[in-house]
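**Q** Below is the sequence, then the predicted model.
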Amino acid sequence: MTHFAFHLDATDTETAARAGRWETPHGVVDTPAFMPVGTLATVKGLLPEQLKATGAQMVLSNTYHLALRPGSDIVKEMGGLHKFMDWEGPILTDSGGFQVFSLAGLRKLTDEKAVFRSHIDGSLLELSPEKAVKIQEDLGADCIMCLDECPPANDVPEKIKAAVDRTTLWAKRCRDAQVRDDQALFGIVQGGISEEMRTRSAEGLVPLGFPGYAVGGLSVGEAPVDMYRTLDFTVPHLPVEKPRYLMGVGRPEDILEAVYRGIDLFDCVLPTRNGRNAMAFTSDGPVRLRNAVHQRDERPLDPECDCTACTRYSRAYLRHLFIAKEMLGGILLSLHNIAFYQKLVRDLRNAVNSGTVAQFRANQLARWQAQS
Ligand SMILES: CCCSCc1cc(N)cc2c(=O)[nH]c(N)nc12
Ligand SMILES: [Zn+2]
């Protein structure tokens, strides 16, 4: 693995927060980093140059969806994901397991593989560790994920344990199935909200020597306090010198709390999904643009934001676009929300470098809570 290096530039003195740089074959990722989700090889409604202008360096795509449509073979024939979607920066793909459990009609799950029905045409498909790696090698992302089993947060302990052990078994098979040497394969820690099971999962995965580790199995319905407590006893088991990725998280306050606990990488559909639904994250909390209160409001959405939506348009105009069902509304608000998340992680990086994370967290939470 000659193409990756993670440099820890600063670690906060009072908290587990850190700031670093992750070198990948398609460029450097400054951490903490937020990765916009482009499930079907597009961050919905945004051109790559618009995305780049927000400060986003790395984006996500989804193995399950792309394998079903257009097919990883076609993406490979077109030159791989970077060329296909014209994104020059680093790309991460998920392994597909999470979507098989959450989206597809799971038909059969054994240690060997998962058999499921496509949510598109109902055809019977199967996903094994070896197949998940092969699909991600064909797609050509820089960072790929092991096939894992993510149980519901409130599943019974025996099922959480079984998912941990299957995830470790599958991680070994994924590592042994790799052919390319220019992709970083991450192990995914499972274990629900149980300290014993999280420890079991980390102690099974860390000796396998992955170049980075993801914390999976969270943001699946557990209470925020349970997510934060789980991070408190999971992150210390992960190697300090390797990147840590918290999957599917989250709200701005969740990212704040997770950076505080030592997480480096994040992805979440909230900025783009909420943007398409007229909900904006701002420095003073959420703003719902369809609300009549904005009808004659000439102020910008967020005076502390320098994105296109906030520098060129009023709240009145943004509300008009949504009421008129104009597609520009969803585009502008997706752009703004991603710019908001990029500013949040940028401010957090600066707070780590200046040793002020605890103060930044207290001030930010007070400001957001004052509005809710
Ligand atoms: C493009 C989607 C990226 S993150 C999806 C995701 C989200 C959440 N919340 C958990 C998991 C998980 O436990 N395992 C896997 N593979 N993926 C997860
Ligand atoms: Zn903005």
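**A** Arrived safely. Numbers count the residues shown, from 1 in each chain. Ligands and ions are numbered 1, 2, ... in the order given.
**Q** just the helices in the stretch 201-350 of the chain please.
**A** Using DSSP state H, counting those that start in this stretch, the helices of the stretch 201-350 of the chain run over residues 224-234, 252-260, 270-276, 308-312, 315-323, 327-353.
**Q** Which of those helices sits closest to ligand 1?
**A** helix 224-234 (9.9 Å; C-beta to the nearest ligand atom). Placement of C-beta: from N, CA and C, glycine included.
**Q** Tell me the secondary structure of residue 88, please.
**A** Secondary structure assignment for residue 88 (DSSP: H, G, I helix; E, B strand; the rest coil): coil.
**Q** Distance of residue 35 relative to ligand 2?
**A** 19 Å (C-beta to the ion, to the nearest Å).
**Q** Please name the residues that touch that residue.
**A** 56, 58, 59, 60, 92, 265, 266, 267 (C-beta atoms under 8 Å, 6 or more residues apart in numbering).
**Q** Make CSV from the helices of the stretch 201-350 of the chain and add mean neighbour count, mean pLDDT and distance to ligand 2 to it.
**A** Below are these laid out as CSV (neighbours: other C-beta atoms under 10 Å; pLDDT from 0 to 100; distance: least, C-beta to the ion, whole Å):
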stretch, mean neighbour count, mean pLDDT, distance to ligand 2
helix 224-234, 18, 98, 25
helix 252-260, 23, 98, 14
helix 270-276, 21, 98, 10
helix 308-312, 17, 98, 3
helix 315-323, 20, 98, 10
helix 327-353, 22, 98, 4
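**Q** Now do the strands in the stretch 101-250 of the chain.
**A** 105-109, 114-117, 124-127, 143-145, 184-189, 213-215, 244-246 (DSSP state E, counting those that start in this stretch).
**Q** Quick one: list the elements packing against the second one.
**A** Same thing as strand 114-117. Contact here means 3 or more C-beta pairs under 8 Å, 6 or more residues apart in numbering; DSSP states H and E; on that basis strand 114-117 packs against helix 97-102, strand 105-109, strand 124-127.
**Q** Now look at that strand and say if it contacts ligand 1.
**A** No. Figure legend: strand 114-117 not in contact with ligand 1 (C-beta under 6 Å from any ligand atom); closest approach 12.0 Å.
**Q** can you map out the helices along the stretch 51-200 of the chain?
**A** 63-68, 72-77, 81-84, 97-102, 129-139, 157-177, 195-205.
**Q** re earlier: dump the helices of the stretch 201-350 of the chain to CSV, plus distance to ligand 1.
**A** CSV is the format used below for those (distance: least, C-beta to the nearest ligand atom, whole Å):
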stretch, distance to ligand 1
helix 224-234, 10
helix 252-260, 11
helix 270-276, 12
helix 308-312, 25
helix 315-323, 26
helix 327-353, 15
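**Q** Mind putting the ones you listed into TSV with distance to residue 214?
**A** TSV is the format used below for the helices of the stretch 201-350 of the chain (distance: least, C-beta to C-beta, whole Å):
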stretch	distance to residue 214
helix 224-234	11
helix 252-260	12
helix 270-276	18
helix 308-312	31
helix 315-323	35
helix 327-353	17
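**Q** What parts of the stretch 1-150 of the chain come near ligand 1?
**A** So the stretch 1-150 of the chain meets ligand 1 at 37, 39, 60, 62, 94, 95, 97, 98, 145, 148, 150 (C-beta under 6 Å from any ligand atom).
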